[in-house]
Every structure is written in C-alpha cells, then in structure tokens.
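Undergrad: My questions are about this predicted structure, shown below with the sequence.
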Amino acid sequence: MHISEGILSGSVLIAGWAGTTAGIAYGLRKTESEKIVRTALISSAFFLASLVNVRIGPSSTHLTLLAPMGLILGYSVFPAVFVALLLQALLFHFGGLLVLGANTFIMGISALSVYILFGKVIRESDKKFLTFTISFIAGALAVMLGAFLVGLFLGLTDGNFLTAAKIIIVAHVPLALIEGIVTGFLISWLKKSSPEVLS
C-alpha cells in the first residue's frame, strides 16, 4: 500500500501529513510507558512483514498485519506505523519521505478503524469461533480500507488515476482474504495464550 514518491499532488500530501501529525500526537499521548516496548515490537513485525512489495501501478501491495497492529496497539498504532515506514523509506526507498505522511495516514487509520469497530467485541468474546470470525473480518476490512484510501488519494490527485485506483482496490481482494485468515488465527491464539495483550 505504499504510494510512490512524486505522484500525489501538493494538497493531498499536505492533507496526509496533517492527518498523520494528528494521529501521531494523539497516539503518543495515549501510549503509556509500559506499552512502549510492545509498540516497538509490533512496529518491528510490521516493518518485516511489509518488506516484500509487489508493484501495482503507482502503488504496491504487501502483507501488512494492519488489523493485529490496531487490535493490539489501539491509538498507539500511528507512531508504530510511522517509525516502520520511515525506516523503510530511508533504508529501502519504499514510498518516500514526502509521501510518508499519506502512507502513514492510510495504514494508520485503517488499523485504528478496526480497533474502534471490533476491539471491544473481540476482548469481551468468550467464543472461539466468534473471535476468529470477527478477527477475520477485521483483517480483511483493514486491507480493503487501506486500498480504498490509496485509490481515494490517487483520485483526488488526478482523475486520470481512477482506473489505476480501481485496479489497486481489486488487486487487494486476495491479500484481504489472506490477511483475514492470518488475523483470525493470530488474534485467536493471543486471546487464548496472552489475553492481556489485547486489553
């Protein structure tokens, strides 16, 4: 879901940085000291999982783990995503520094959305099948929301990108199903072995 450098318009880049700055500021306020190590570990997992990129026009796709990040970190997900994407931009030239705000906002808001929508239900669920099903939906939804936002950012930049935006959204459907399955098993395992991680 990295948007490449030099594609988005100035106004869209500014909007992305504004949303990301607000998300990071609020996320840092909500990050308690005992949660810093956990945030760093999840950020590292996201960094590694998204290293394998597959190009799709002006964007790329990769395993994201957005839903697990959101469900584990809550509002702290924005700083975690920002640090991982910053390192990827500096070390491997994925995305870029100017577009870092937009990429962070796209992934951060997607992860945060599933936390807001499903976090409480998953934490309070005592049925394995329900936990897996909701986690699966969360995983798939996070990816599709991210793909939609990539398409939206491209469309707001130039109407000629609308075809590419549609291709990006459709191309993310298989990844959404994979992410849903991974999220379902991962959250179900955490719920059983370390439920405090999701608290």
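TA: Received it, and whenever you're ready, just let me know what you need.
Undergrad: alpha carbons only for contacts and neighbour counts from here, please
TA: Fine.
Undergrad: Can you read off the pLDDT for the residue nearest in space to the middle of the chain?
TA: Among the residues of the chain, the one closest to the centroid is residue 107, at 3.2 Å (CA atoms, centre = their mean). On pLDDT, residue 107 comes in at 95.
Undergrad: For the nearest residue to it once chain neighbours are set aside, report the pLDDT, please.
TA: Spatial nearest neighbour of residue 107, chain neighbours left out: residue 146 (6.0 Å); criterion: CA to CA, 6 or more residues apart in numbering. The per-residue pLDDT reported for residue 146 equals 94.
Undergrad: And the helices in this structure, which stretches?
TA: Using DSSP state H, the helices of the chain run over 10-30, 36-49, 66-73, 77-92, 100-124, 128-157, 162-193.
Undergrad: Give me the mean pLDDT for the last one.
TA: What it means is helix 162-193. 90.
Undergrad: how many other residues sit next to the closest residue to residue 70 other than its chain neighbours?
TA: Nearest residue to residue 70, sequence neighbours excluded (CA to CA, 6+ apart): residue 111, at 4.4 Å. Residue 111 is flanked by 33 other residues according to other CA atoms under 10 Å.
Undergrad: Same question for residue 143.
TA: 32.
Undergrad: can I get the helices of the chain in a markdown table with distance to residue 199?
TA: As requested, the helices of the chain are exported to a markdown table (distance: least, CA to CA, whole Å):
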| stretch | distance to residue 199 |
| --- | --- |
| helix 10-30 | 14 |
| helix 36-49 | 12 |
| helix 66-73 | 8 |
| helix 77-92 | 14 |
| helix 100-124 | 7 |
| helix 128-157 | 14 |
| helix 162-193 | 10 |
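Undergrad: Out of the ones you listed, which is closest to residue 4?
TA: helix 100-124 (9.2 Å; CA to CA).
Undergrad: Pick the most buried one from the helices of the chain.
TA: helix 66-73 (a mean of 29; mean count of other CA atoms under 10 Å).
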